[in-house]
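Student: Everything below, folded, please.
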Amino acid sequence: MTDAQTPAPARSRAAVPDDPRDIPGDFAHAHAVEVRFADTDAMGHVNNSNYLTYAEIARVAYYERVTGAPLPVRIHGSEEGMILAEIRITYRSPAFYGETLFVETRVDRIGRTSFRMVHRLTAPESRHGPARLIAVADSVLVAYDYQAERPITVPDALANALEAFEGRRLRD
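Tutor: Purely as a prediction, here's the structure:
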């Protein structure tokens, strides 16, 4: 895990025109995702289901950056990990093949067995138009014991690493 003394990373916020439906504030993590041709549908824009994958890619990159370790997965023998319990995506503007989207991520709150993560997906100016907000998402991840098949308390080491990375207290 990240040492609690490690300074928080520089905060960022991709520049797009103001939108009252946007998530306010800055983000400690940003991950670029290239839109593949296979991600698009018959209408020529990214199919809505692919935004779940983009958020997942960013979520895993965030976790691995924060902890310095690979995401614990049961198929690799891990007994504990986290599961996605809920995600809500609100679409704001279409994305297209050839664009590079930026998925900004942060953890906003840590509860007893879960934590809330938010994502902001943006596209810079490209041949498809001006810089714009593509989508916003918020999710709940649950610390989970795979063997017992039940939620567990968010490990202190993970909670400490998340708070150090975000640079603020997140626990209730």
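
Student: Give the other helices and strands that the one helix or strand T105 maps to contacts.
Tutor: Using DSSP states H and E, T105 maps to strand 100-110. Secondary-structure packing of strand 100-110 (3 or more CB pairs under 8 Å, 6 or more residues apart in numbering; DSSP states H and E): strand 29-34, helix 50-67, strand 114-123, helix 156-166. Quick note: C-beta positions are derived from backbone N, CA and C, even for glycine.

Student: What's the first helix or strand after the longest one?
Tutor: The reference is to helix 50-67. Next along the chain from helix 50-67, counting by DSSP H and E, comes strand 80-91.

Student: The third one too?
Tutor: With elements assigned by DSSP H and E, the helix or strand that comes after strand 114-123 is strand 132-145.

Student: As a quick check, tell me the outermost residue of the protein.
Tutor: For the chain, the residue at maximal distance from the C-alpha centroid (CA atoms, centre = their mean) is A42, at 27.2 Å.

Student: Now do the contacts for it.
Tutor: For A42, the contact set (CB atoms under 8 Å, 6 or more residues apart in numbering) is empty.

Student: Retrieve the pLDDT associated with it.
Tutor: pLDDT for A42: 92.

Student: Kindly report the same for A69.
Tutor: Looking at A69, its pLDDT reads 88.

Student: Check the gap between it and H31 for me.
Tutor: Using CB to CB, to the nearest Å, A69 is found at 17 Å from H31.

Student: Alpha carbons of the strand holding T105, as PDB, please.
Tutor: Output of strand 100-110 as PDB, limited to C-alpha atoms (Å, rounded to 0.1, in the frame of the first residue of the first chain):
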ATOM      1  CA  THR A 100      -8.900   9.800 -26.900                       C
ATOM      2  CA  LEU A 101     -11.200  10.100 -23.900                       C
ATOM      3  CA  PHE A 102      -9.900  11.200 -20.500                       C
ATOM      4  CA  VAL A 103     -11.400   9.300 -17.500                       C
ATOM      5  CA  GLU A 104     -10.800  11.300 -14.400                       C
ATOM      6  CA  THR A 105     -11.400   9.400 -11.200                       C
ATOM      7  CA  ARG A 106     -11.600  10.000  -7.500                       C
ATOM      8  CA  VAL A 107     -13.000   8.400  -4.300                       C
ATOM      9  CA  ASP A 108     -15.400  10.700  -2.500                       C
ATOM     10  CA  ARG A 109     -16.400   8.700   0.500                       C
ATOM     11  CA  ILE A 110     -15.400   5.500   2.400                       C
END
